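**Q** return atomic coordinates for the entry below.
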Amino acid sequence: MADAANQSGTVSRIGLVVVVVAALLWSAISFVPPGPLHADEAVQWSLAKELSEGTPYSSHQDKFHGPTLATVLLISAKLTGTAPTDMSEHYLRSVVSLFLGLMAAASLILPGVSRPVRYVTAAFIVLTGGCTPFSYYFVQEMLLVTGFVWGVALWMRAEGAAIDSRWWMLSGAAFGFALACKVTAAAYLFLFIVALLLSRRFIPDRRWLRFGFGLVASWACFQSVGFTDFGGLKTWWLQLARALGVASGHSEDTLLAVSLAPWGLAAAWLGVFALARSGLSVAGWWRRQEADLPCLVAGLVFLFHLALPYKTPWLLLLAFSLPLTLALPYFLVGQTGRAVVLAPALLMIALMAQSSLSSHSRTSSDVIHFQGRVANLAKAYGDKFYIAVDGGHYWPLPYYLRAYRVGYADFPQAAKAPLRLIPASDASEPVVAGYMVSSLTLREGGDRYWVLVAKGYESVFIGK
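**A** Next comes the predicted model:
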C-alpha cells in the first residue's frame with residue numbers, strides 16, 4: 001500500500017508504554033473465570049472423547065462443526081497423558097487459550113510497521129484475552145478466527161511479493177484450516193474476496209492457483225482428520241446445507257437474539273477503529289492505508305451476521321479480533337495522543353461487552369453442586385450405581401456425569417435406577433413411589449430436570 005513504507009518511521013515509545021500499562025491493568029482487574037461448561041463446549045468434548053474411542057468423526061451424531069478442535073484436544077491428551085474423562089473445565093479451556101497466543105502472533109509478520117509496535121500489539125492481545133471472553137471457551141470459534149486472521153495476515157505479507165512466493169500458498173492453507181473448523185468460514189472467505197475487490201485491484205494470475213491449492217489441501221487435511229476419515233469431506237457439505245437453514249431462520253435450531261446489546265457494542269468497537277483510521281480528519285477517510293483490508297473484512301462480517309436472523313455472541317469474535325490483531329499495529333504508529341486514546345477506548349468497550357458476550361445460554365452453577373451430590377450418592381450406593389436419564393439429554397449433562405454408568409432414554413432398568421432424571425416440562429412435581437424428588441436447572445432460563453433419588457439415600461444426596 002501507498003502509506004505502508006512510511007508508517008514504520010515514527011513510533012511513540014510513550015504511546016507504546018501506555019498501551020502495555022493499560023493491558024496490564026485490564027488483565028489484573030477484569031478477568032473473571034468462566035463457569036461450568038457451556039452446552040457447545042460439552043459437545044466438543046464429547047466429539048473428542050468418541051474420536052479417542054475409535055468413532056469416526058463423520059459418523060458422530062453431533063458433527064455440527066468441524067473436527068479440528070477435537071483433534072487438537074486429542075493431541076494434547078497424548079502429550080499430557082490425560083484421558084478425556086479426566087479433563088477438567090480448566091484443562092479444556094487451556095487447550096483453546098493456546099490459540100489466543102497463535103492469533104496474537106499473526107501481528108508479528110505484518111509489513112510496514114516496526115518490530116516494537118508488532119510486539120506491543122501481540123502483548124496487548126494476550127494480556128487482554130483478545131478483549132473478549134471467547135478465547136477462554138472450549139468452542140470452535142477461537143480456532144476458526146485464528147486461522148482466518150492468519151489467512152488475512154499472510155495475504156497482507158504476500159502483497160508485493162513475487163507471484164510464485166510461498167506466502168500465497170500459506171495464506172490459502174490458513175483459510176483452509178478455518179474452513180475445517182466451521183462452515184461459517186466459507187461466508188467469511190467470500191467476504192474477504194469482496195473486500196479485496198473493493199480495496200485492491202484484482203489481477204487474475206498464478207498466485208490465485210497457489211492460494212487455491214493451499215486452501216483445498218489444508219481444508220481436506222484437517223476436515224478428514226489427517227486424511228484418515230474421507231467421509232468428513234462429505235460431512236462438511238452437509239454441515240453447510242444445515243447452516244444455511246439455521247442462519248436464514250428456516251430451522252428449529254435457529255437462535256434469535258435475546259439482546260442486541262453485544263451487536264451495538266461490536267458496532268462501537270468497529271467505530272473506534274474507523275475513527276483511528278481517519279485520524280479525525282476528512283483527508284484521512286480518503287487516504288488508502290494498509291489497515292483497510294482487515295477493517296473492511298471485519299465490517300462486512302459484522303453486517304453479514306447483523307442481517308441474518310440467527311444470532312449468538314460467538315459470531316462477533318472475528319469482528320472483534322481481526323482489526324485488533326491486524327489494524328491496531330498501524331494505528332499505534334505516529335503521535336502519542338492516538339495510542340493514549342485508542343487503547344483505553346477499546347478496553348472500555350470490551351469491559352462493557354464482557355458480560356453480554358459471555359451470557360449466551362450460560363450453564364447454571366447448580367450443575368457443580370449437583371455433580372458433588374452425585375459423587376456422594378455413588379460412593380454410598382457402591383459398584384452397582386447407575387443413572388437413568390429419561391427423554392435423551394441436554395448438554396452439558398453427559399460431561400458432568402462422565403464418571404458414571406448412564407443410560408439415556410428408555411431401557412429396562414431405568415425404573416429402578418438409584419438416580420433418575422426426568423425432563424421438567426412444567427411446574428408439576430412428579431410423585432414416584434420409592435423416590436425423593438428435587439429439581440435441577442441446567443441452563444439459566446430453561447432446561448430443567450426432576451431429580452429422583454432412591455429412598456434411603458436422601459440424606460447422602462442432599463448432604464445431611
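
**Q** find the centremost residue of the chain, please.
**A** E141 (2.8 Å; C-alpha atoms, centre = their mean).

**Q** helices of the stretch 351-464 of the chain, start to end?
**A** Listed in chain order, the helices of the stretch 351-464 of the chain (DSSP state H, counting those that start in this stretch) span residues 366-381, 397-400, 458-462.

**Q** which stretches of this protein have low pLDDT?
**A** For the chain, the stretches with pLDDT under 70 are 1-12, 31-33, 279-287, 335, 360-361, 392, 445-446, 464.

**Q** was I right about the residue nearest to the centre of the chain contacting L316?
**A** No. E141 lies out of contact with L316 (C-beta atoms under 8 Å); the separation is 9.4 Å. C-beta coordinates here come from the backbone N, C-alpha and C atoms, glycine included.

**Q** L255 in helix, strand or coil?
**A** Per DSSP: H, G, I helix; E, B strand; the rest coil, the secondary structure class of L255 is coil.

**Q** same thing with the one 4 residues further on?
**A** The three-state label given to S259 by three-state DSSP is coil.

**Q** give me the number of residues near the closest residue to it other than its chain neighbours?
**A** Excluding the flanking residues, the one nearest S259 by C-beta to C-beta, 6 or more residues apart in numbering is S356, at 6.3 Å. S356: 17 surrounding residues under other C-beta atoms under 10 Å.

**Q** I'd say S356 and A261 touch.
**A** Yes. If you go by C-beta under 8 Å, S356 and A261 touch, sitting 4.7 Å apart.

**Q** returning to that earlier point: so who does the residue nearest to S259 touch?
**A** Taking C-beta atoms under 8 Å, 6 or more residues apart in numbering, we find S356 in contact with 259, 261-262, 265, 313.

**Q** closest one to W26 out of those residues, please.
**A** L265 (15.9 Å; C-beta to C-beta).

**Q** touching the helix or strand where that closest one lies from outside, list them.
**A** Assigned by DSSP states H and E, L265 belongs to helix 261-278. Counting contacts by C-beta under 8 Å, 6+ apart, the residues outside helix 261-278 that touch it are 257, 284-285, 289, 291-292, 295, 298-299, 302, 306, 311, 313, 316, 319-320, 323, 327-328, 331, 338, 342, 345-346, 349-350, 352-353, 356-357.

**Q** filter these down to the buried ones and hand me the PyMOL line.
**A** Of those, the buried ones go into a single PyMOL selection, burial set by 16 or more other C-beta atoms under 10 Å:
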select buried, resi 289+291+292+295+298+299+302+306+311+313+316+319+320+323+327+328+331+338+342+345+346+349+350+352+353+356+357
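
**Q** show me the contacts of helix 261-278 that map onto strands.
**A** Using DSSP state E, no member of the contacts of helix 261-278 sits in strands.

**Q** just confirm T228 is within a helix.
**A** No. Assigned with three-state DSSP, T228 falls outside any helix and is coil.

**Q** ok, it - how many residues close by?
**A** 9.

**Q** kindly report the same for the one 10 residues further on.
**A** Other residues near L238 number 13, with proximity taken as other C-beta under 10 Å.

**Q** gap between it and V183?
**A** Relative to V183, L238 is positioned 9 Å away (C-beta to C-beta, to the nearest Å).

**Q** same question, W450
**A** 37 Å.

**Q** do V460 as well
**A** 47 Å.

**Q** which one's more surrounded, these two?
**A** Remark: of V460 and V183, V183 carries more neighbours, 22 against 16, as counted by other C-beta under 10 Å.

**Q** what's near enough to touch that one?
**A** Listed by C-beta under 8 Å, 6+ apart, the contact partners of V183 are 66, 236, 239-240, 243.

**Q** let's see that with 7 Å instead.
**A** Contact analysis of V183 by C-beta atoms under 7 Å, 6 or more residues apart in numbering lists 236, 239-240, 243.

**Q** so which of the helices of the stretch 351-464 of the chain comes closest to P423?
**A** Using C-beta to C-beta, the helices of the stretch 351-464 of the chain put helix 397-400 closest to P423, at 10.8 Å.

**Q** look up the closest residue to R420, ignoring the ones flanking it.
**A** Take R420 and drop its neighbours on the chain: the residue closest to it by C-beta to C-beta, 6+ apart is L452, 4.0 Å away.

**Q** who are the contact partners of that neighbour?
**A** Residues near L452 by C-beta under 7 Å, 6+ apart: 420, 422, 432, 435, 437.
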